[in-house]
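*Asks:* Structure, please.
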Amino acid sequence: MRIALAQLLPAWEDPGANLVAVDEAAARAADAGADLAVFPEQALFGWNPESVAGAEPVGGPLTQALRAIARRHAIAFVCSIRESAGDGVRNTALAVDAGGAIGAVYAKQHLFAIGGEEACYVPGPGPALFDCGGLSLGLAICYDLRFPAVFAAYRALGADAVLVPAAWPCARLRHWRLFLRARALDNRLYVAGVSYAAGTTPVEAYCGGSLAADPEGEVLVEAGEGPGLLIADLEPAAIAAARAGPDPAGG
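*Replies:* Numbers count the residues shown, from 1 in each chain. All right, here's what the predicted structure looks like:
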């Protein structure tokens, strides 16, 4: 199964412009033979813990626009919305299949309290899985990466890979690389994280670094700072081989 990590820097609080960027990246990913494209956290707005502008229920106008993009390019992808739900607004990633159907809805479980995210957002209820290219895929968002239990839960549910849309800043980029690799090795699955291309928003400075780690925790592919697509092929045989080996927790 081939995935494309679409490293880009969103236009600040401009979903119209960002939908165009998502459309263009989805087209390039399809041309590259990807089964699935993954976009960074809040790619339609830019991650802003103090704003819930444009929040909508799943199925709202932005959701419908994303579904249309998937159908137009016949590619599955993961992209975020600000989801208005009964208990508040959630930072939510949608998995949309190549026919435009919603395969999974995942809301960030661990809000970035240091950045004030919990003042405007509420956490999601738990894991979400979907199937694509013969693999079972889980979703996590940015700060979730610091919580091993999220990824252990996915392994227990039978996930083959976990996809992590993020807005991970330059200041902690070394943690990003470490956590992606560790979560993959701990659970013997692929972990692929996509973050913002180099640039500065009113909230943070970003330096790229999107990365996919294999089930042995080795770096499969890694991006530099600039915008672009990072292509990774996920092999079921690599998952089976890693799980047949010694448990990394055993030393």
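
*Asks:* The helix or strand that Ala237 is a member of - what's its average pLDDT?
*Replies:* Using DSSP states H and E, the element containing Ala237 is helix 236-244. Mean per-residue pLDDT for helix 236-244: 96.

*Asks:* got the residue ranges for the strands in the protein?
*Replies:* 2-7, 36-38, 76-85, 88-96, 102-107, 129-132, 135-139, 161-165, 190-194, 199-200, 205-206, 211-213, 219-222, 228-233 (DSSP state E).

*Asks:* Ok, which of the ones you listed comes nearest Ile114?
*Replies:* strand 88-96 (14.9 Å; C-beta to C-beta). Any C-beta I mention is one placed from the backbone N, CA and C, and that applies to glycine too.

*Asks:* Include distance to Ala149, mean pLDDT and mean neighbour count when you put the strands of the chain into CSV, please.
*Replies:* Shown next, in CSV, are these (distance: least, C-beta to C-beta, whole Å; pLDDT from 0 to 100; neighbours: other C-beta atoms under 10 Å):
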stretch, distance to Ala149, mean pLDDT, mean neighbour count
strand 2-7, 24, 98, 27
strand 36-38, 22, 98, 29
strand 76-85, 21, 98, 25
strand 88-96, 19, 98, 24
strand 102-107, 15, 98, 20
strand 129-132, 16, 98, 20
strand 135-139, 13, 98, 24
strand 161-165, 12, 99, 28
strand 190-194, 14, 98, 29
strand 199-200, 32, 98, 14
strand 205-206, 27, 98, 18
strand 211-213, 18, 98, 26
strand 219-222, 24, 98, 16
strand 228-233, 25, 98, 19
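
*Asks:* Columns distance to Thr63 on top of those strands, output as a markdown table?
*Replies:* Compiled in a markdown table, the strands of the chain are given as follows (distance: least, C-beta to C-beta, whole Å):
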| stretch | distance to Thr63 |
| --- | --- |
| strand 2-7 | 18 |
| strand 36-38 | 16 |
| strand 76-85 | 6 |
| strand 88-96 | 7 |
| strand 102-107 | 7 |
| strand 129-132 | 15 |
| strand 135-139 | 16 |
| strand 161-165 | 16 |
| strand 190-194 | 20 |
| strand 199-200 | 26 |
| strand 205-206 | 26 |
| strand 211-213 | 26 |
| strand 219-222 | 29 |
| strand 228-233 | 23 |
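
*Asks:* Tell me which of these lies nearest to Arg243.
*Replies:* So among these, strand 190-194 is nearest, using C-beta to C-beta, at 12.1 Å.

*Asks:* Asn187 against Ala152, yeah?
*Replies:* Yes - using C-beta atoms under 8 Å, Asn187 is in contact with Ala152, at 6.2 Å.

*Asks:* Neighbour count for these two, which is higher?
*Replies:* Asn187 (26 against 13; other C-beta atoms under 10 Å).

*Asks:* Please report the distance of the residue sitting nearest the centre point of the chain from Gln42.
*Replies:* Nearest to the geometric centre of the chain sits Pro165, at 2.4 Å (C-alpha atoms, centre = their mean). Distance check for Pro165 against Gln42: by C-beta to C-beta, to the nearest Å, it reads 8 Å.

*Asks:* Thank you kindly, that will do.
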